[in-house]
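Peer 1: Here is my input; please provide its structure:
(2 chains)
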Amino acid sequence: MNPREYDIEPVDLSWCPGCGNFQILSALKEALAELKIPPQEVVLVSGIGQAAKTPHFMKGHIIQGLHGRALPVATGVKAANPGLTVLAIGGDGDMYGEGGNHLLHTIRRNPDLTNLVHNNMVYGLTKGQASPTSPLGLKTPVQVEGVISEPLNPVALAISQGASFVARSFSAETELTKELIKAAIRHKGYALVDIFQPCVSFNKVNTYKWFRENTFVQESSPEELRDRRRAMELALSGPPFPLGILYREASGRPSFENLLPAYRRNSEPLWKRTPDRDGIEAYVETLR
Amino acid sequence: MVRELSIGLCGAAGQGVQTVEVLLVRALGRSGFHVFSTKESMSRVRGGNNSTEIRVSEEHTEAFVDRIDLLVPLNSGLRKNIWKRLGPDTLVLGDREELKEEFASKEFRFLDVPFLEIAREAGGAVTANSVAAAVLCALFRIEFEILDDLLKERFGKTPEVLEKNLLSAKKGYEQGVRLLEEGVFALKTPKPDPNWRPLLIDGHKAVSLGSLAGGCNFVTAYPMSPGSGVLAFMAQNASRFQIVVEQVEDEIAAVNMALGAWSAGARGMATTSGGGFALMEEGISLSAVTEIPLVIHLGQRPGPATGMATRTEQADLELALYAGHGEFPRVLFAPGNAREAFELSRLAFDWADRYQVPVFILTDEYLLDSIFELESLPVESEPFSRHFVETEPGYARYRVTENGVSPRGIFGHGRGLVRIDSHEHDEKGHIEEDFDVRERMQKKRMSKLRLLEAAALPPTVKGDPQAQTKVFCWGSTGPIVAEALDLLGREDVSMVHLKQVYPLHPSVRTLVEQARRVVVAEGNSTGQLARLIRLYTGREAEHRLLNFRGHQFSVEEVSEGLGKILEGGEPE
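Peer 2: Numbering: from 1, shown residues only, chains lettered A, B, ... in the order given. You can find the predicted model right below:
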């Protein structure tokens, strides 16, 4: 499949020239095309932010909802129709700030969805405030004396909470990003891909140059990827920060939708079903 | 004269009052009595003093009365709200050993029944509740086999527990028979009707079963009383009905997950109470702009904030009416009894899907925790219909149509792409800041209000529609006002009960205009329905009968309140 099949016209991309989002968008389209998933089977769910606009700029079903709420929406979609390929896409403020509680519990729930987080360590849409992953000391129009809260470590958090797939990329490494997205989509369960991404307008510290100098690609064997302790060490290390899959569960753990009684005897998506009125009648009669 | 008895059962949390209630209500129903029961409980897992009222009658009843004819206190420490309801004719059936001197100095008819001693001898002290249920069954001349069956249904899974309870019940039953033979039980019990064998259903089940009949197949919630009864029922029956039920991390997740499910073609519901509903407000607004259908069950309890967790109130009408930023149409249903709870819950899913709007089912703790009798439930009365389409290439989710409803595509059904956006958007769902598009889309969404107004359900009028005085009420207060009017016996007073509080049916205006005196009776401190009526009809209610103490109005209270209003005075 040609990634151009994911192109949408006409499109007025609202990102700044040089933004890492362009690279991620292109990697995402290529990943889906290489996996041969037609746009009609893909649901791109997002919240609010520059990264959350990504679904608008490509083909596929989309639902851009509220800031921070992409993960529960995506879980609802997947649980209602497990045959769909569902991605939740957003930035660090969206997924790690406003949506932090959903992140924790989506990891626990382990639905089969791919979570792409464009992590530029700053708020772009609202013009330059600190994000949950901003480095200590970063000065912004709001954090005028520099950030004083510890940055959140998303990959360590996800691994510690039992996420079944955790990876990190850097948007300029488009080939790596594409491969990680493919692996995340293929993974049966919740998969986090945290993607370092320079914000050319508001983050003058974590630039292309900075990310290049402070990251390296970590190669791992499949056995090593199952080692949670090793994964945690990698996640806590840096700078320089390791890129690649950091942790991938051995497999075998069923994903959320596979554990639902709704699909135990019937694999059809919910929209195909009609209410079991005979069953309701029968139940009602037990109430006498 | 219709014979009727009101039984008051009291006991500590954990003492098994609820077991007595369930056993007795079902035994009464199976024996052909008309029965209604309602309870009030403290927000604690053990101890305290909770009470249940069971009304046994020769005719249908479905309202709380203050009067207690037969009081069965299982523990000492009766609360003052119960003392107040006892009269000189009340017969107290209690265990001296447990109650000590509690009723000794009072002027009540007291019948000492050694519940504890019988229980200890038969199955152990914990089975005192089965003893009490059995004594009462005997006093109502219910065949022991009926109780025997019910105990087997309730405890059958654990043979040891069943055996103890059966033994205790047998002894208790014998004790009850002895009381009858000795002629010391002075109350006249109603006559059963051998042809009457009702369904007995509480509000939780009525909302749940109605939702299921309406095609609900996706339920999300964060536990919060009293909304979590529906969550529990759905979870316990998820496998039976093959539905998705998930207890989520917070109410924000509940509403967003339900919206995700609807957009993939499921019929989703979030169930909650006021505090959780408040957290869902942004999601409700999302439902509105994206035109994703949504059903929320809002079981009301007293606020603000934590308020009274296990108590009742009708103070969230305006919350639901104005919830969510921006302007958009919505539907508010407010069932008055189990039948309406079933029918409106079913309808909620059809309307949400048909009109692509959020629909709220407003119940309250009183309605949810009351057990109503019904001859049958109309499970099959309306055919099931879906309101989404198979999409074609070039599909536009928000196509502007004459009536404002765009054909709704869902993810994964058809060759088109369904593009849904929380921003203002064009017909294809793209972010759009063009002012003309904004106006067109806002008009399109608001035009659905006209469809909803045309579909609105009429209120129930009891009594003469031309009556000079009309008592308006909504939701669970309805049956209480209805019986209060019977008690009052005035032909110049009628009741108007609203089971849909928004949009209002056009007849509400006519009924208001025809009334010389408008009284509004409702369970809040400011008169929210009265304000809504003024907003839509311009008429300020002459009188408001309000109750906001955390416990439902009683029939007597409403009757007295109305009596004072009619005499020209104001109710206290």
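
Peer 1: contacts, neighbours, all on C-alpha from now
Peer 2: Will do.

Peer 1: Can you give me the distance of B:Leu566 to chain A?
Peer 2: B:Leu566 sits at a distance of 41 Å from chain A (criterion: C-alpha to the nearest C-alpha, to the nearest Å).

Peer 1: Look at that residue and say how many residues are nearby.
Peer 2: By other C-alpha atoms under 10 Å in any protein chain shown, the residues close to B:Leu566 number 16.

Peer 1: Verify the assumption that it is located in a helix.
Peer 2: Yes. Applying DSSP: H, G, I helix; E, B strand; the rest coil, one finds B:Leu566 inside a helix.

Peer 1: From A:Gly60, how far out is it?
Peer 2: 66 Å (C-alpha to C-alpha, to the nearest Å).

Peer 1: Wait, A:Val43 touches A:Gly60, no?
Peer 2: Yes. With contact defined as C-alpha atoms under 8 Å, A:Val43 reaches A:Gly60; the gap is 6.1 Å.

Peer 1: Out of those two, name the residue with the larger neighbour count.
Peer 2: Shown here are A:Val43 and A:Gly60; by other C-alpha under 10 Å, A:Val43 has more neighbours (27 against 24).

Peer 1: What residues does the residue nearest to A:Leu13 when sequence neighbours are not counted make contact with?
Peer 2: Nearest residue to A:Leu13, sequence neighbours excluded (C-alpha to C-alpha, 6 or more residues apart in numbering or on different chains): A:Phe57, at 6.8 Å. A:Phe57 makes contacts with A:Asp7, A:Ile8, A:Val11, A:Leu13, A:Leu25, as judged by C-alpha atoms under 8 Å, 6 or more residues apart in numbering or on different chains.

Peer 1: Give the PyMOL command for selecting the buried subset of these.
Peer 2: If you want just the buried ones from the contacts of A:Phe57 in PyMOL, going by 16 or more other C-alpha atoms under 10 Å in any protein chain shown, the selection is:
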select buried, chain A and resi 25
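
Peer 1: and which of the contacts of A:Phe57 is nearest to B:Glu59?
Peer 2: A:Ile8 (67.7 Å; C-alpha to C-alpha).

Peer 1: packing partners for the helix or strand B:Glu97 falls within?
Peer 2: In the assignment (DSSP states H and E), B:Glu97 maps to helix B:96-99. Applying 3 or more C-alpha pairs under 8 Å, 6 or more residues apart in numbering or on different chains; DSSP states H and E, one finds that helix B:96-99 makes contact with no other helix or strand.

Peer 1: how about the helices in the stretch 251-400 of chain B?
Peer 2: B:251-263, B:274-279, B:281-290, B:317-322, B:338-355, B:365-369 (DSSP state H, counting those that start in this stretch).

Peer 1: What residues does the stretch 201-350 of chain B have near chain A?
Peer 2: Counting by C-alpha under 8 Å from any C-alpha of the partner chain, the positions of the stretch 201-350 of chain B adjacent to chain A are B:201, B:209, B:212-218, B:238-244, B:248-249, B:252-254, B:256-267, B:282-283, B:286.

Peer 1: Of the residues you listed, grab the buried ones for ChimeraX.
Peer 2: Listed next is the ChimeraX selection for buried residues among these, using 16+ other C-alpha under 10 Å:
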select /B:201,209,212,213,214,215,216,217,218,238,239,241,242,243,244,248,249,252,253,254,256,257,258,259,260,261,262,263,264,265,266,267,282,283,286
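
Peer 1: thinking again about what came up before, deepest of the helices of the stretch 251-400 of chain B, which one?
Peer 2: helix B:251-263 (a mean of 31; mean count of other C-alpha atoms under 10 Å in any protein chain shown).

Peer 1: then that helix to PDB, C-alphas only?
Peer 2: What follows is helix B:251-263, C-alpha atoms only, in PDB (Å, rounded to 0.1, in the frame of the first residue of the first chain):
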ATOM      1  CA  GLU B 251     -16.600  10.100  35.700                       C
ATOM      2  CA  ILE B 252     -14.700  11.900  33.000                       C
ATOM      3  CA  ALA B 253     -13.500   8.600  31.600                       C
ATOM      4  CA  ALA B 254     -17.100   7.200  32.000                       C
ATOM      5  CA  VAL B 255     -18.600   9.800  29.700                       C
ATOM      6  CA  ASN B 256     -15.800   9.900  27.200                       C
ATOM      7  CA  MET B 257     -15.600   6.100  26.900                       C
ATOM      8  CA  ALA B 258     -19.400   6.000  26.400                       C
ATOM      9  CA  LEU B 259     -19.000   8.600  23.600                       C
ATOM     10  CA  GLY B 260     -16.200   6.500  22.000                       C
ATOM     11  CA  ALA B 261     -18.500   3.500  22.100                       C
ATOM     12  CA  TRP B 262     -21.500   5.300  20.600                       C
ATOM     13  CA  SER B 263     -19.200   6.600  17.700                       C
END
